[in-house]
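> Quick one, fold the following:
(one chain, ligands or ions: 1)
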Amino acid sequence: MASLPLLLETAFTAHYVLILVVFLPTAWHTWASYSKLADFKGPLLARFSSLWLTSAMSSKRANLQFYEVSQKYGDLARIGPNTLLTSDPEMIIRMSSARSRYTRSRWYSGQKLEVDHDNLFSTIDEATHSKKRAQLATGYSGKDIDGLEAMIDSHVIELMNLIRRKYLSDGSTFRPMDFARKSAFFTMDVITDIAFGRSWGCLIADDDVFKWFESLEIIMPNAIKASTIPWLSSLFDIPFLKKLVAPSEKDKIGPGKLIAVAKEIAQKRFAEENPGRHRDMMGSFIRHGINPTNAASEAILQIIAGGDTTATTIRATTLFVITNPQVYSTLQSEIDSSVTSGAIISDVEARQLPYLQAVIREGARMWVPATGLASKVVPPEGDTINGRFLPGGTLIGKSDWAIQRSKAIYGEDSTIFKPERWLEARGEPLEKMERTLGLIWGHGKNSCLGKNIAWIELNKVFFELFKNFDITIADPSNPWKSLNYGLWVQKDMFVKITQRKMSY
Ligand code: HEM
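The predicted structure follows:
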């Protein structure tokens, strides 16, 4: 039988071995990652671990957490052992300009929907990304697509018809409408029409066809968390885990259904004799050399990238307009004085209405639709910004709320909704505002390809909504549920809508 001293000695030895094998390497690793960016201030937890980022991404108000950090710790704040947050517009431009040596981080690879296949957005390799962008750019510009505007018009008409059919209130009857859901139906119908050549018909059915939005509310927060938090994203590198959580083409609803539809449509196209002859988005991609697998992936991406982002701008801008009486009446006066017929306004005409344009810009500024970190990687040789050295491999994400509420750029009243600022500013200050607002779409080699399409939708939908209807928020003390995960989950925005009398 072992003696007591021998047992104690063994226990002590094991203890030391444990310290040597586990504690010291962990301590060394923590110290090494802390000291790499010791120069940059940020929340205490963030200096040593991903815990701060994990908690921010789980808070449902990540945009505000980033904003607070930027305000407290300045232009380059530390939000993780290897992650900085920038609120400097020039830094965003520097990282994404055409010749920049900064690259896309693993955050992007978390944005793919299909387990084994990258779309444009989830592609990290710079050369592959720029080759794909070149194949897709003409289609996205709208130049290759016949009848883009007429198609968007048809969905604007469906939205107006839905309101008239089911949601018009009058003196004695209140028919509340969830504006959050219906604006998403509108953008979904437009984007599925663009991507697939036929819309999902959410507005006509007045239904969440294929339970897309229901599924998105569950999937989106987790997907964005997984791509933002380094330890979570490494978990999903394990093929078994990846397969377990990824959507399946066999699903009858949600993202799995979307993948199945996209693949079916791409297969049918490529089975045709001359698949590139169609004058629609997929036809354009095919003419520019895309293969069948990528054609399906890019159609899926359009829906993810272009549906809810545009819907967020429609909801937030509408909320700001209808809760600002002076803005509301100025906008309606401009609209009323420019109406000449019952037809849907053309994009060209809408772009000439200064107050409408100012309202859309201000709405997009106040409520940035895509607030994910979208972090870029400092090139291996490092970089020096305002005399501070950024080690190679550091991740740099963006703080949209801080950028778009900058007092230095937008003025002392930058936190309020004031479309007039776009009409009052002149010269260099206006140029700075425009350049900074442009960053809600990203910049340069990483910029949004759907900007033009989104702007056409916004122009038409606001003009027609405020031309035809008076809209008030049903419960001003609780206007909507708006949760931020990098993208937004917005719901329960109930409004009262009444018909306006037309004078044309
Ligand atoms: C208000 C509406 C929209 C906003 C604010 C928006 C914003 C953005 C942002 C911030 C990015 C990423 C930039 C980066 O990586 O740094 C992006 C990428 C992208 N967006 Fe949009 N977007 C909108 C609408 C749309 C629409 C309607 C479409 C499709 C028709 C679209 C298609 C894309 C695509 C394909 C990319 C990937 C570009 C790439 O990786 O090279 N977006 N968008």
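
> nearest spatial neighbour of Arg78, skipping sequence neighbours?
Leaving aside its chain neighbours, Arg78 sits nearest to Gly42 (3.2 Å; criterion: Cβ to Cβ, 6 or more residues apart in numbering). The way it works is simple: take the backbone N, C-alpha and C, and place the C-beta from them, glycine included.

> Quick check: closest non-adjacent residue to the residue of the chain found nearest the ligand.
In the chain, no residue comes nearer to the ligand than Gly450, which is 2.0 Å away by Cβ to the nearest ligand atom. Nearest in space to Gly450, with sequence neighbours left out and distances taken as Cβ to Cβ, 6+ apart, is Gly306 at 4.6 Å.

> Is the ligand within reach of the one helix or strand the one you found maps to?
Element membership for Gly306 (DSSP states H and E) is helix 292-322. Yes - judged by Cβ under 6 Å from any ligand atom, helix 292-322 and the ligand are in contact via Leu301, Gln302, Ala305, Gly306, Thr309, Thr310, Thr313.

> any idea of the mean pLDDT for that helix?
Per-residue pLDDT over helix 292-322 has a mean of 91.

> isn't the residue nearest to Arg78 right next to Tyr73, touching?
Yes - look at Gly42 against Tyr73 with Cβ atoms under 8 Å: they come within range, at 5.3 Å.

> List the buried residues of the helix holding Gly306.
294-322 (16 or more other Cβ atoms under 10 Å).

> So Gly42 and Tyr73 - more neighbours on which side?
Neighbours were counted for Gly42 and for Tyr73 using other Cβ atoms under 10 Å; Gly42 has more, 22 against 19.

> I'd like the next helix or strand past the helix holding Gly306.
Immediately after helix 292-322, counting by DSSP H and E, sits helix 325-338.

> Around the ligand, pick out the residues from this structure.
Along the chain, the residues adjacent to the ligand under the rule Cβ under 6 Å from any ligand atom are 96, 120-121, 133, 301-302, 305-306, 309-310, 313, 369-370, 374, 440-442, 446-450, 453-454.

> returning to that earlier point: among the residues of helix 292-322 next to the ligand, which pair sits farthest apart?
Farthest pair in those (Cβ to Cβ) is Leu301 and Thr313. Separation: 18.7 Å.

> mind giving me the domain split of the chain?
1-36, 37-499 (automatic domain parsing).

> Report the buried residues of the one helix or strand Thr54 maps to.
If you go by DSSP H and E, Thr54 is part of helix 51-58. Burial within helix 51-58, assessed by neighbour count using 16+ other Cβ under 10 Å, is assigned to Trp52, Leu53, Thr54, Ala56, Met57.

> And these, which two are furthest apart?
Trp52 and Met57 (9.7 Å).

> which ones are touching Thr309?
With contact set as Cβ atoms under 8 Å, 6 or more residues apart in numbering, Thr309 has these partners: Pro369, Ala370, Ala454, Leu487.

> Point out the ones among these that are inside strands.
Counted as lying in strands by DSSP state E, out of the contacts of Thr309, is not a single one.

> Just the closest of those to Leu465, please.
Using Cβ to Cβ, the contacts of Thr309 come closest to Leu465 at Ala454, 16.2 Å.

> That closest one reaches Ala305, doesn't it?
No - between Ala454 and Ala305 there is no contact under Cβ under 8 Å: 9.7 Å.

> Overlap in contacts, those two.
Residues touching both Ala454 and Ala305 by Cβ under 8 Å, 6+ apart: Cys448.

> what's the neighbour count on Ile385?
Neighbours of Ile385 using other Cβ under 10 Å come to 17.

> next one: phi and psi at it?
Torsion angles at Ile385 (phi, psi; degrees, to the nearest 10) stand at phi -120, psi 120.

> Show the pLDDT at it.
94.

> Looks like it contacts Met91 (just checking).
Yes - applying Cβ under 8 Å, one finds Ile385 in contact with Met91, separated by 6.7 Å.

> what is in contact with these two at once?
The overlap between the contact sets of Ile385 and Met91 (Cβ under 8 Å, 6+ apart) consists of Leu76.

> Residue nearest the middle of this protein, spatially speaking?
Central residue of the chain (Cα atoms, centre = their mean): Ala370, 2.7 Å from the mean position.

> and the helix or strand harbouring Ala223, which residues are buried?
Assigned by DSSP H and E, Ala223 belongs to helix 212-228. Applying a neighbour-count criterion of 16+ other Cβ under 10 Å, one finds Trp212, Phe213, Ser215, Leu216, Met220, Pro221, Ala223, Ile224, Lys225, Ala226, Ser227, Thr228 buried in helix 212-228.

> Now do that helix: which elements does it pack against?
For helix 212-228, the packing partners by 3 or more Cβ pairs under 8 Å, 6 or more residues apart in numbering; DSSP states H and E come out as helix 51-58, helix 106-109, helix 179-196, helix 230-235, helix 254-271, strand 488-491.

> Against which helices or strands is the helix or strand just after the third one packed?
Of the helices and strands lying after helix 179-196 in sequence (DSSP H and E), the nearest is helix 202-205. Applying 3+ Cβ pairs under 8 Å, 6+ apart, one finds that helix 202-205 contacts helix 148-166, helix 179-196.

> What angle do helix 292-322 and the shortest one make with each other?
Right, the one you point to is helix 179-196. Interaxial angle of helix 179-196 relative to helix 292-322 (axes from the mean of the first three to the mean of the last three Cα atoms, to 10 degrees): 150 degrees.

> average pLDDT across helix 179-196?
93.

> ok, now the longest one?
Computed over helix 148-166, the mean pLDDT rounds to 97.

> and it with helix 179-196, angle?
150 degrees.

> picking up where we left off before, got the contact list for the residue nearest to Gly450?
Gly306 touches Thr187, Ile191, Ile194, Gly450, Ile453, Ala454, counting by Cβ under 8 Å, 6+ apart.

> Who are the contact partners of the last one?
Residues near Ala454 by Cβ under 8 Å, 6+ apart: Gly306, Thr309, Thr310, Thr313, Cys448.

> Would you point out the most distant pair within the residues you listed?
Largest separation among the contacts of Ala454 by Cβ to Cβ: Thr313 and Cys448, giving 12.1 Å.

> about what we covered before: go through the helices and strands packed on helix 212-228 and name the closest to Leu458.
Closest among the helices and strands packed on helix 212-228, using Cβ to Cβ: helix 179-196, at 9.8 Å.

> which other helices and strands contact the closest one?
Secondary-structure packing of helix 179-196 (3+ Cβ pairs under 8 Å, 6+ apart): helix 148-166, helix 202-205, helix 212-228, helix 254-271, helix 281-287, helix 292-322, helix 451-468, strand 488-491.

> quick one: it to chain centroid distance?
Relative to its chain's centre, helix 179-196 lies at 15 Å (Cα atoms, centre = their mean, to the nearest Å).

> Okay, buried residues for it please.
Across helix 179-196, burial judged by 16+ other Cβ under 10 Å covers 179-196.

> now stretch 251-261
Neighbour counts over stretch 251-261 (16+ other Cβ under 10 Å) mark Asp251, Gly254, Pro255, Gly256, Lys257, Leu258, Ile259, Ala260, Val261 as buried.

> Nearest to Leu84, out of these: which one, please.
Out of those, the member with the shortest distance to Leu84 (by Cβ to Cβ) is Pro255, at 31.7 Å.

> thinking Ser141 is in contact with Gly450, fair?
No - Ser141 is not in contact with Gly450 according to Cβ under 8 Å; the separation is 10.0 Å.

> And those two? Which one has more around it.
Neighbour comparison, Ser141 and Gly450: the larger count goes to Gly450, with 19 against 14 (by other Cβ under 10 Å).
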